[in-house]
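J.: my questions concern the predicted model and sequence given below.
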Amino acid sequence: MNADQLDRAIRDALHGWTPDNPGAPADIADRIVRRHRRRSRMRVTGAALGLTGIAFGVLLATGTGGDDGTRQPASRVSKQSTLLWQTTLPGKSWDACTTGPRAVYCRGPEYDGIGVDARNGKVVWQREAKDADSGGTPAGSLPGVRDGVLYTYADHAPGTPSAGTDLVALDVGSRQVLWKHELADDSRRRSSAVLFDGGILANAPTFKSVVALDDRTGRTLWRYSWKQADCDRAAIGGVPYLMCSPDSEKAPQRSTVVRLDPATGEPRTVATVEGPTAYIGTDGDAVLLGGMAGGHRFSSDGPVTLTRVDVGSGKVSQHRVDGLPMGVVADGIMLASGGNGSAVAFSADDGKRLWSRDLGLKLRKDSRDPTMRELPSDAAVDLGSRVAYYLDPSGHLVGLDLDSGAMRWRGQVPVPKRQVEAGVAPELMVYDHGLIGQIGGELFRIKPVLSKARS
């Protein structure tokens with residue numbers, strides 16, 4: 001079961017569930033699915049998860065609340081910043097953005113791509129979608145920009161009930177489509193298309209296969225397929241890898257990390273571990289996986305095993321963790337943030353909990369359903385200053401010390417008051433020692449001014 005199939009399963013299950021509260025919003029299923037698409041940082045580990053995957057997702061979304069009681073180093077909290085520019089983008093909403101040399105690129109339901117000058121916020125070009133009302137899948141992320149080419153997503157068959165998804169290569173100079181290739185599903189997430197040295201790895205033509213495409217021409221370089229597993233994709237050191245987990249209880253109950261030769265696609269199994277796992281991310285030359293410890297099924301409680309695989313040596317190390325640390329991985333630290341407005345940091349080496357704290361952001365509840373609320377952005381980490389930044393949908397920002405969790409900075413960008421979109425998070429990116437953020441149709445660039453930590 002891949003991410004898109006899970007979305008449909010969750011929607012069907014929730015439509016069949018009648019909440020005790022008769023005033024529950026009619027669109028709760030669609031909003032939870034949208035939340036899953038926008039904030040997904042994991043791949044479902046097959047039917048072994050079953051519907052407990054819903055409880056597992058709730059666990060990841062809520063995290064643990066408040067500070068952990070550890071004494072954090074004193075620091076001066078700066079409230080100084082420079083808002084370099086703020087732009088209202090065309091269109092009602094935007095799914096995902098990415099940065100390139102002197103530019104920001106975004107896509108949304110009404111635009112397959114838009115280019116913004118990162119120096120002044122001016123919209124330089126835009127490419128409208130063929131059918132803005134087709135109800136296409138929101139993009140959780142964009143593949144990226146390389147050598148003057150933006151890799152984005154578009155509906156394969158605009159205006160049809162099942163529009164499908166095309167991976168699109170768009171020349172940012174000429175604004176012309178260089179090529180497009182149909183993907184296997186509509187997940188449009190971080191591993192749907194991955195840039196590696198010499199090409200781009202796409203999930204096509206089926207759920208259980210990948211195709212390597214020439215990044216300039218779209219020509220097929222090689223293909224690779226598998227059975228009885230769901231696989232995420234990532235590039236480490238410019239080399240494509242697959243992180244695979246069993247797709248059902250009937251499949252062999254083991255997970256594998258597979259290296260694919262960039263030139264030929266020849267596979268080599270780097271490591272094998274017992275049981276299903278979820279792909280967390282990469283830390284340098286290591287792959288991080290999470291799975292329930294002691295053969296437990298994924299659920300709302302129970303110990304978790306953090307598995308670290310060194311792709312160079314094949315060395316595997318495993319550590320018991322209280323809670324699965326899904327989120328951003330930066331310089332040996334895993335940063336998980338939850339819908340309750342907290343942030344938790346874990347060591348990517350051994351899973352040790354380093355710190356946790358309340359972000360102090362404004363996350364409004366949905367008046368139509370008090371159990372639903374807004375979400376903060378994922379962490380945007382500036383390794384130069386070693387600060388992890390977060391943004392809420394009301395324009396409030398905070399910066400935490402990456403190593404201690406101490407509050408280093410607070411800021412705010414004025415944004416129009418908007419209706420609560422429960423489960424939908426804004427986006428925040430580090431750019432040139434500053435930040436670029438996206439909230440709905442508002443795009444901005446701000447430069448925090450940090451105070452030095454006290455000794």
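T.: Received the coordinates, thanks.
J.: what about the stretch 301-450 of the chain, any weak spots by pLDDT?
T.: Applying pLDDT under 70 to the stretch 301-450 of the chain flags the ranges 301-302, 338-339.
J.: if we use 50, what do you get?
T.: The model of the stretch 301-450 of the chain has no residue with pLDDT under 50.
J.: neighbours of residue 232, how many?
T.: Neighbour count of residue 232, defined by other C-beta atoms under 10 Å: 26. Where C-beta positions appear, they are placed from N, C-alpha and C, glycine not excepted.
J.: that one pairs with what?
T.: In this entry, residue 232 is beta-bridged to residue 243, by DSSP bridges.
J.: isn't it up against residue 255?
T.: No. With contacts counted by C-beta atoms under 8 Å, residue 232 stays clear of residue 255, the gap being 10.5 Å.
J.: anything in contact with each of the two?
T.: 243-244 (C-beta atoms under 8 Å, 6 or more residues apart in numbering).
J.: distance of the closest residue to residue 274 other than its chain neighbours relative to residue 351?
T.: Spatial nearest neighbour of residue 274, excluding adjacent residues (C-beta to C-beta, 6 or more residues apart in numbering): residue 254 at 5.6 Å. Separation of residue 254 from residue 351 (C-beta to C-beta, to the nearest Å): 21 Å.
J.: ok, those two, which is more surrounded?
T.: residue 351 (24 against 15).
J.: show me what contacts that one?
T.: 306, 319-321, 325.
J.: ditto for residue 82
T.: 446-447, 449.
J.: can you say which of these are buried?
T.: residue 446 (16 or more other C-beta atoms under 10 Å).
J.: contacts for stretch 103-113?
T.: 89-99, 114-118, 124, 126-129, 132, 136, 138-139, 142, 145, 150, 152-154, 168, 170, 172, 431, 436, 438, 443.
J.: actually stretch 245-258, sorry about that
T.: 1, 43, 45-48, 228-231, 241-244, 267-279, 287, 289, 291, 307, 309, 311.
J.: got the end-to-end distance for it?
T.: Taking C-alpha to C-alpha, to the nearest Å, stretch 245-258 runs 11 Å from one end to the other.
J.: just stretch 160-176 next, same as before
T.: OK, stretch 160-176 end separation, C-alpha to C-alpha: 24 Å.
J.: just checking, residue 267 touches residue 241?
T.: No. The pair residue 267 / residue 241 is not scored as a contact, 10.0 Å apart, by C-beta under 8 Å.
J.: shared neighbours of the two, which are they?
T.: Contacts common to residue 267 and residue 241, judged by C-beta under 8 Å, 6+ apart, are 258-260.
J.: most surrounded residue in these?
T.: Busiest of the shared contacts of residue 267 and residue 241 [other C-beta under 10 Å] is residue 260, holding 22 neighbours.
J.: any chance of the contacts of residue 351 in a markdown table, with neighbour count and distance to residue 192 too?
T.: Formatted as a markdown table, the contacts of residue 351 follow (neighbours: other C-beta atoms under 10 Å; distance: C-beta to C-beta, whole Å):
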| residue | neighbour count | distance to residue 192 |
| --- | --- | --- |
| 306 | 26 | 25 |
| 319 | 16 | 30 |
| 320 | 12 | 32 |
| 321 | 20 | 27 |
| 325 | 26 | 23 |
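J.: which of the residues you listed sit farthest apart?
T.: Largest separation among the contacts of residue 351 by C-beta to C-beta: 320 and 325, giving 12.3 Å.
J.: quickly list what's touching both of those two.
T.: Counting by C-beta under 8 Å, 6+ apart, the shared contacts of residue 320 and residue 325 are 306, 351.
J.: quick check: mean pLDDT of stretch 276-296?
T.: The pLDDT scores in stretch 276-296 average 87.
J.: got the buried residues for it?
T.: 276-283, 286-293.
J.: stretch 353-370 now?
T.: Result for stretch 353-370 [16+ other C-beta under 10 Å]: buried residues 353-357, 359, 361, 363, 366, 368-369.
J.: so can I have CSV of the residues you listed showing distance to residue 402 and secondary structure?
T.: Formatted as CSV, those follow (distance: C-beta to C-beta, whole Å; DSSP: H, G, I helix; E, B strand; the rest coil):
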residue, distance to residue 402, secondary structure
353, 15, strand
354, 9, strand
355, 10, strand
356, 13, strand
357, 12, strand
359, 14, coil
361, 18, coil
363, 22, coil
366, 32, strand
368, 37, coil
369, 35, strand
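J.: so which of those residues is the closest to residue 197?
T.: Among the buried residues of stretch 353-370, and counting by C-beta to C-beta, the member closest to residue 197 is residue 354, at 33.0 Å.
J.: quickly find the element holding the nearest residue to the closest one once chain neighbours are set aside.
T.: With sequence-adjacent residues excluded and distances taken as C-beta to C-beta, 6+ apart, residue 354 is closest to residue 345, at 4.3 Å. Using DSSP states H and E, residue 345 sits in strand 342-347.
J.: packing partners for that strand?
T.: strand 333-337, strand 353-358 (3 or more C-beta pairs under 8 Å, 6 or more residues apart in numbering; DSSP states H and E).
J.: residues touching residue 430, list them.
T.: Applying C-beta under 8 Å, 6+ apart, the residues near residue 430 are 380-382, 389.
J.: confirm it sits in a strand?
T.: Yes. Under DSSP: H, G, I helix; E, B strand; the rest coil, residue 430 falls within a strand.
J.: which parts of the stretch 351-455 of the chain are strands?
T.: Assigned by DSSP state E, counting those that start in this stretch, the strands in the stretch 351-455 of the chain fall at 353-358, 365-366, 369-373, 380-382, 387-391, 396-401, 407-412, 427-431, 434-439, 442-449.
J.: would you list every one of the helices in this structure?
T.: 3-15, 28-39, 52-62 (DSSP state H).
J.: give me the number of residues near the residue nearest to residue 146 when sequence neighbours are not counted?
T.: What sits nearest to residue 146 in space, not counting adjacent residues and going by C-beta to C-beta, 6+ apart, is residue 195, at 5.9 Å. Residues near residue 195, counting by other C-beta under 10 Å, number 18.
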